[in-house]
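> 3D, please:
(one chain, ligands or ions: 2)
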Amino acid sequence: MAKSRFEYVRQFETHCTLLPETYIVVRIDGKKFHEFSKHYDFEKPNDARALRLMNACAKNVVLKYRNDIICAFGESDEYSFILRKDTVLFKRRHDKLSSLFVSLFSSNYVALWDKFFPDRPLDYKHLPFFDSRCVCYPSLNTIKDYLCWRFVDTHINNLYNTVFWNLIIKCGLTPQESEQKLCGTLSSEKQEILFADCGINYNNEPEMFKKGSLITNKGEITHVDVVKIIDSLFEKF
Ligand SMILES: Nc1nc2c(ncn2[C@@H]2O[C@H](COP(=O)(O)OP(=O)(O)OP(=O)(O)O)[C@@H](O)[C@H]2O)c(=O)[nH]1
Ligand SMILES: [Mg+2]
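Ligands and ions are numbered 1, 2, ... in the order given. Model (predicted):
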């Protein structure tokens, strides 16, 4: 390529290369999905269509980079993609990994929207977009704890949201009353309130809501107790 006198400006570009021999997590998260979910009338607290759409997008990302990905885990409006510690994908460049994963995910979200929301076309004033970050984990222990953290977070959030919204929808409480009733309660007490006041057994809630979604590098989507199987998940990595 011919060089111009302007070429020198390239020197101002910086490239952050992620530490070698560390597990990389690329985590994407929906921007203002509180508003987005309201605009498109997502069911509360969980909309199965929205979660399946997230899973379909994540599966396509996993399959595209299956040789570099160990697994992916998602809940609500977020997804984490866990890359092997020896990956050299995009030369481990932070900006490339972060931007390509999130743009591939976002374009899938838009392209697949109609399949999951056939009666609710996307409107260009309310388009979905996502942020993205890369984090390096230096050991097998820390990457396992990362995945367990996201899994446990799913459980905590889902239990709270399930009781909070059912107290409003089924029992007619105001959001403030519901919040007050749950304030300071333990996990077992929340389940008890859900059963006694709303007639719902938390154990019978859909597995996808309670456990989030785990995608293997073969593209298989499962809803399992991640903490229980964490060692086998990383056996070969
Ligand atoms: N009703 C409904 N809302 C959902 C569902 N999944 C995600 N959301 C909404 O998306 C939000 C995701 O949480 P956050 O990522 O912390 O909030 P956010 O509004 O996206 O804010 P930023 O990520 O900081 O831009 C939830 O608080 C819900 O309001 C769903 O299945 N049903
Ligand atoms: Mg968000």
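
> quick one: low-confidence parts of the protein?
Scanning the chain for pLDDT under 70 picks out the ranges 1.

> Repeat the analysis, applying 90 as the threshold.
1-3 (pLDDT under 90).

> Tell me the helix or strand right after the longest helix that the chain contains.
Longest helix in the chain by number of residues (criterion: DSSP state H): helix 140-169. Once helix 140-169 ends, the next helix or strand along the chain (criterion: DSSP states H and E) is helix 175-182.

> chain center to the helix or strand that that following helix is followed by: distance?
Going down the chain from helix 175-182, the next helix or strand is helix 187-198, by DSSP H and E. How far helix 187-198 lies from its chain's middle: 27 Å, per Cα atoms, centre = their mean, to the nearest Å.

> Extract the CA atoms of helix 187-198 and return them as CSV.
C-alpha atoms of helix 187-198 as CSV (Å, rounded to 0.1, in the frame of the first residue of the first chain):
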residue,chain,number,x,y,z
SER,A,187,-33.9,-17.3,51.0
SER,A,188,-36.0,-19.9,52.8
GLU,A,189,-38.4,-17.2,54.1
LYS,A,190,-38.8,-15.9,50.5
GLN,A,191,-39.8,-19.3,49.3
GLU,A,192,-42.2,-19.7,52.2
ILE,A,193,-43.9,-16.3,51.4
LEU,A,194,-44.2,-17.3,47.8
PHE,A,195,-45.9,-20.6,48.8
ALA,A,196,-48.1,-19.3,51.6
ASP,A,197,-49.2,-16.0,49.9
CYS,A,198,-49.1,-16.8,46.2
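
> For the longest helix of the chain, buried residues please.
143-144, 146-147, 150-151, 154-155, 158-160, 162-168 (16 or more other Cβ atoms under 10 Å). Quick note: C-beta positions are derived from backbone N, CA and C, even for glycine.

> which helices and strands sit right next to it?
Helix 140-169 is packed against strand 23-30, strand 69-75, strand 78-83, strand 130-137, helix 175-182, helix 187-198, helix 207-211, helix 226-233, with contacts defined by 3 or more Cβ pairs under 8 Å, 6 or more residues apart in numbering; DSSP states H and E.

> try it again with 7 Å
Judged by 3 or more Cβ pairs under 7 Å, 6 or more residues apart in numbering; DSSP states H and E, helix 140-169 is in contact with strand 69-75, strand 78-83, helix 175-182, helix 187-198, helix 207-211, helix 226-233.

> Out of those, flag the one nearest Y8.
strand 78-83 (34.4 Å; Cβ to Cβ).

> now that closest one and helix 226-233, what's the angle there?
Interaxial angle of strand 78-83 relative to helix 226-233 (axes from the mean of the first three to the mean of the last three Cα atoms, to 10 degrees): 20 degrees.

> after strand 78-83, next one along is what?
Counting by DSSP H and E, the next helix or strand C-terminal to strand 78-83 is helix 94-116.

> so how far is that next one off the chain centroid?
On the basis of Cα atoms, centre = their mean, helix 94-116 sits 13 Å off its chain's mean C-alpha point.

> ok, now stretch 118-134?
Relative to its chain's centre, stretch 118-134 lies at 15 Å (Cα atoms, centre = their mean).

> now do stretch 71-91
Distance, centroid of stretch 71-91 to centroid of chain: 10 Å (Cα atoms, centre = their mean).

> hmm, it touching ligand 2?
Yes: with Cβ under 5 Å from the ion as the criterion, ligand 2 is reached by stretch 71-91 at D77.
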